[in-house]
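>>> sharing a model prediction with you, sequence too.
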Amino acid sequence: MHGYGQFCAVGRALEVLGERWTMLIVRELLLGATTFTDIRRGLPRIPRATLSARLRGLHVAGIVDAADGAYRLTEAGAALAPVVRELARWATVTDSAPLTDDHLDTAALTWDMQRRVDIAALPERTVVVAVDFTDRPATDRYFWLHLSPTEVNLCRQDTGAPVDVWLAAPTAEVTRWWLGQDSWAELIRHPGVSVHGDRALRSQLHRWFTRYLFAPDRLAPSG
């Protein structure tokens, strides 16, 4: 990335962090990704070569350490957490970055869901939740979450395990619920949404997820 030729600290920071995908890679590492594969699962649209190049740049800048195929943020990288949070707050409270259909991605959404499971809220036995994004082609439509107090797995193919709860809905509706724009009650009242399966588990389903880290209620200023 070419420099800005600016003495200003903002310009100097953007010379390191301003390239496309860079701050999203930092976000993934802040959220617990440690491998190349995990980062790509959180950013399904990033080309492999681009991810490799950005990780190299972050390593050279002293923001990411890499060893034995694992990546972690350095102290300088971890210090970007409030920056990421404030970017999310800005996008949430202003109209400058509204959610559009171009932002909808079932792979990224379900990956975020699997890492935001409240283990303590799950039943003692393993439960399988199938998500059917009814407006998507078959390649991006079906996902299965295998949830237990000891393990959480996201599958793109049916393993044959019995499904306990099915959630069928348009991508936009599930995304708005996940982001905190709609409540669970508003989601399931939508005419294009259905939840079926075990009755007791259906009523618990929404409590198994802590939802989006940067939901509006989590971004409210403290004090």
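Okay, I see it. Values in this document were obtained by computation on a predicted structure and should not be read as measured data.
>>> drop to CA atoms for contacts and neighbour counts, all remaining ones
Will do.
>>> which SSE is the spatially most central residue of the chain in?
Central residue of the chain (CA atoms, centre = their mean): D112, 3.2 Å from the mean position. For D112, the host element (DSSP states H and E) is helix 106-114.
>>> do the same with D217
helix 216-219.
>>> and that helix, average pLDDT?
What helix 216-219 shows for mean pLDDT is 84.
>>> number of nearby residues for Y142?
20 (other CA atoms under 10 Å).
>>> the residue nearest to it when sequence neighbours are not counted in helix, strand or coil?
Distance criterion CA to CA, 6 or more residues apart in numbering; nearest residue to Y142, sequence neighbours excluded, is D132 at 4.9 Å. At D132, secondary structure determined by DSSP: H, G, I helix; E, B strand; the rest coil is strand.
>>> is it true that A108 touches L43?
Yes - A108 is in contact with L43 according to CA atoms under 8 Å; the separation is 6.4 Å.
>>> and the two? Which one has more around it.
L43 (19 against 15).
>>> roughly how far apart are the more buried one and T37?
10 Å (CA to CA, to the nearest Å).
>>> what does A88 give?
A88 is 24 Å from T37, by CA to CA.
>>> neighbour-wise, which of the two wins?
A88 (17 against 12).
>>> give the contact list for the residue nearest to Y142.
For D132, the contact set (CA atoms under 8 Å, 6 or more residues apart in numbering) comprises R141, Y142, F143, W166, L167, A168, A169.
>>> any quick ChimeraX command for the buried ones out of the residues you listed?
Here is the ChimeraX command that picks out the buried ones among those, judged by 16 or more other CA atoms under 10 Å:
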select :141,142,143,166,167,168,169
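>>> export the contacts of D132 to CSV and tack on secondary structure?
Output for those, formatted as CSV (three-state DSSP):
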residue, secondary structure
R141, coil
Y142, strand
F143, strand
W166, strand
L167, strand
A168, strand
A169, strand
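>>> any idea which of the contacts of D132 is closest to F209?
L167 (13.8 Å; CA to CA).
>>> buried sites along stretch 93-110?
D105, T106, A107, L109, T110.
>>> next one: stretch 213-222
L213, F214, A215, L219.
>>> element containing the second one?
Going back to what we said before, that points to F214. Using DSSP H and E, no helix or strand contains F214.
>>> export the buried residues of stretch 213-222 to JSON lines and tack on distance to L29?
Formatted as JSON lines, the buried residues of stretch 213-222 follow (distance: CA to CA, whole Å):
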{"residue": "L213", "distance to L29": "14"}
{"residue": "F214", "distance to L29": "15"}
{"residue": "A215", "distance to L29": "19"}
{"residue": "L219", "distance to L29": "20"}
